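**Q** Return a 3D structure for these sequence lines:
(one chain, ligands or ions: 1)
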Amino acid sequence: MLELYANAGCPYCQKVLKKMNELKIDFIWRSHDFMAGENSWGFKIGGKTQVPLLVDQQNAVTMYESEEIMKYLEENYN
Ligand SMILES: N[C@@H](CCC(=O)N[C@@H](CS)C(=O)NCC(=O)O)C(=O)O
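**A** Okay, here's the model as predicted:
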């Protein structure tokens, strides 16, 4: 299943969440704690403290950048 590392207060994450809902995609929301910095799971997985971060294990994809993520979702899960 898709995993989205995100923070509820992040507008870029909200855009991706909206796209997930629009496409009716089931996914796991992984809350990102900005205070955790390099100790966060997101950093350990993707190497950045940035969110949103999409992990698609099925396709071995780890991706940052909301616009890229939304394009990927449209192309692969629409
Ligand atoms: N261009 C990125 C911007 C993402 C972004 O700026 N996210 C902020 C939170 S709203 C963030 O993760 N800041 C912490 C960091 O970059 O380490 C996108 O569209 O996804």
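
**Q** Every contact and neighbour count from this point should use C-alpha atoms.
**A** OK.

**Q** Now do the helix or strand of the chain with the lowest mean pLDDT: everything it contacts.
**A** None of the helices or strands of the chain scores lower by mean pLDDT, DSSP states H and E than helix 41-46, at a mean of 95. Residues outside helix 41-46 that contact it (Cα atoms under 8 Å, 6 or more residues apart in numbering) are 5, 32, 37-38, 48-51, 53, 62-63.

**Q** at 7 Å instead, please
**A** The contact list for helix 41-46 (Cα atoms under 7 Å, 6 or more residues apart in numbering) reads 5, 32, 49, 62.

**Q** Could you do stretch 62-78 as well?
**A** Stretch 62-78 is contacted from outside by 12, 16, 19, 23, 46, 51-56, using Cα under 7 Å, 6+ apart.

**Q** distance between the least confident helix or strand of the chain and the chain's centre?
**A** Distance, stretch centre to chain centre, for helix 41-46: 11 Å (Cα atoms, centre = their mean, to the nearest Å).

**Q** For the residue with the largest distance to the centre of the chain, give me the pLDDT.
**A** Of all residues in the chain, M35 sits farthest from the chain's C-alpha centroid, using Cα atoms, centre = their mean; the distance is 18.0 Å. We have a pLDDT of 95 for M35.

**Q** any idea how far it lies from the ligand?
**A** 10 Å (Cα to the nearest ligand atom, to the nearest Å).

**Q** how far away is that residue from N76?
**A** Distance, M35 to N76, using Cα to Cα, to the nearest Å: 33 Å.

**Q** Next: N7.
**A** 24 Å.

**Q** who's more crowded, those two?
**A** Each of N7 and N76 has its neighbours counted (other Cα atoms under 10 Å); N7 has more, 19 against 9.
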